[in-house]
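>>> Here is a sequence together with a model predicted from it:
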Amino acid sequence: MTASPAAHNYAHLDETLAKKLIQQAGLGDIDQRIANGTRLSLEDGIRLYETPHLAAVGLMAHRVRTSRHGRKTYFNINQHVNYTNICIYSCKFCAFAAKEGEARGYLMTPEVVEQKVREQLHRPVTEVHMVAGIHPTMGYDYYLDVVRAAKRGRPDIHVKAFTMVEIEHILNISGKSEDEVFADLRAAGLGSCPGGGAEVLVDRVHKAVFREKMGPDRWLMAARKVQRHGFKMNATMLYGHIERVDERVQHLIKLREVQDECGGFMAFIPLAFWPYHTDLANFGHVTTGNLDLRSIAVARLMLDNFPHVKAYWVMLTQESAQTALSFGANDIDGTVTEEKITHEAGTTEPQALGVDQIAHLINEAGYEPVQRTTIYEEIGERQATHA
Ligand code: SF4
């Protein structure tokens with residue numbers, strides 16, 4: 001028997017009771033600042049991470065989510081194409097990358113990318129998500145060609161491609177001006193950027209686990225360039241390894257500042273670290289449900305200028321992603337298809353979910369599944385149901 005949506009979440013929790021719970025958790029002052037529209041500080045963020053009262057933090061985040069999105073929970077029908085795992089860098093948290101010449105290294109030609117997109121023509125896919133390693137020798141035209149290839153395979157598909165690390169690399173090898181490169185990418189068919197590669201935007205973590213790759217300032221600068229050239233993007237944070245609580249909150253504040261400046265971020269996506277087969281494997285454990293839910297909730301409360309917070313089911317697990325919908329998340333990502341990066345690091349989640357499975361997760365948690373495009377235009381329910 002399916003219980004009513006209201007029975008599954010606290011969307012209808014009596015406000016007096018909610019206030020009492022938050023007061024008893026010692027978070028009444030933060031709750032008042034949220035109600036007043038006063039921006040939360042670094043200290044507020046740290047308290048929200050450190051309080052034992054997770055339910056109270058979740059409740060505050062849920063209130064904000066509900067005030068902006070009601071019970072709507074977004075998903076899309078997408079596919080992933082990781083066009084190469086060959087990478088010049090050796091980030092310690094990465095199980096995906098291979099060096100040139102290694103047996104497990106691969107590089108897709110543009111024709112293979114086109115074929116991958118064509119293989120999904122029987123499904124109503126609206127987005128291809130393309131990120132990859134930084135290949136040592138492929139030239140500027142290759143990056144334009146993989147975007148063109150995806151559009152050839154399916155002309156109406158939205159190409160969401162290139163982390164800020166790839167964007168900086170493309171700019172560096174182009175021999176062209178910034179304006180020319182973004183014009184070329186747009187003409188090739190780039191629609192938006194997924195926003196990865198940020199990891200944790202503080203120097204200590206950068207030096208410790210991904211020192212060869214761009215650090216915080218360069219990531220933020222690349223994001224500004226992308227947004228100033230009119231592309232929308234997301235932003236991620238890889239949490240649950242060596243970063244401290246205050247560093248997570250600093251990361252959120254830096255993103256909030258860029259959003260004030262440029263306004264091009266769509267969703268914030270906390271990425272749970274999977275240690276297996278990485279140089280941090282001795283770290284020993286995956287993130288806990290407590291940290292996953294708290295990361296979603298704190299992000300919702302700190303990022304007052306981000307419209308969407310996404311519970312990416314591949315990394316969170318379906319169970320945590322579903323629960324995260326009551327802790328501030330209003331998006332559960334998409335059907336995915338052939339995810340490689342987290343699977344190399346040990347997730348046992350499937351490589352894809354059907355629309356029915358996603359809708360079930362959302363419905364069963366008491367929310368309303370709404371299919372969206374990459375840039376959060378709503379797609380009619382009929383199309384979603386029959387996908
Ligand atoms: S995280 Fe990205 S840049 Fe770093 S090693 Fe892996 S593929 Fe390369």
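Perfect, I can see it now. Numbering: from 1, shown residues only.

>>> where's residue 243 relative to the ligand, distance?
When C-beta to the nearest ligand atom, to the nearest Å is applied, the distance between residue 243 and the ligand equals 15 Å. All C-beta spots, glycine's among them, are computed from the backbone N, C-alpha and C.

>>> and what of residue 172?
Note on residue 172: its distance to the ligand, by C-beta to the nearest ligand atom, is 14 Å.

>>> Number of residues surrounding that residue?
10 (other C-beta atoms under 10 Å).

>>> can you check residue 97 too?
Residue crowding around residue 97 was assessed by other C-beta under 10 Å; the count is 22.

>>> what's near enough to touch it?
When the contact criterion is C-beta atoms under 8 Å, 6 or more residues apart in numbering, the partners of residue 97 are 85-87, 89-91, 133.

>>> Let's see if you can find the most crowded of those residues.
For the contacts of residue 97, the largest number of neighbours (other C-beta under 10 Å) sits with residue 133, at 26 neighbours.

>>> Just the C-alphas of the longest helix along the chain, formatted as CSV.
Ranked by number of residues, the top helix in the chain under DSSP state H is helix 245-262. Taking Å, rounded to 0.1, in the frame of the first residue of the first chain, the C-alpha atoms of helix 245-262 are listed here in CSV:
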residue,chain,number,x,y,z
VAL,A,245,34.4,21.3,8.3
ASP,A,246,35.5,24.9,8.1
GLU,A,247,37.0,24.2,4.7
ARG,A,248,33.7,22.9,3.4
VAL,A,249,31.9,26.1,4.5
GLN,A,250,34.7,28.2,3.0
HIS,A,251,34.0,26.4,-0.3
LEU,A,252,30.3,27.2,-0.2
ILE,A,253,31.0,30.9,0.6
LYS,A,254,33.4,31.2,-2.4
LEU,A,255,30.8,29.8,-4.7
ARG,A,256,28.2,32.1,-3.2
GLU,A,257,30.4,35.1,-3.9
VAL,A,258,30.9,34.1,-7.6
GLN,A,259,27.2,33.6,-7.9
ASP,A,260,26.6,37.2,-6.6
GLU,A,261,29.0,38.4,-9.2
CYS,A,262,28.0,36.4,-12.2
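
>>> How far away from the center of its chain is it?
Helix 245-262 has its average C-alpha position 15 Å from the chain's average C-alpha position, going by C-alpha atoms, centre = their mean, to the nearest Å.
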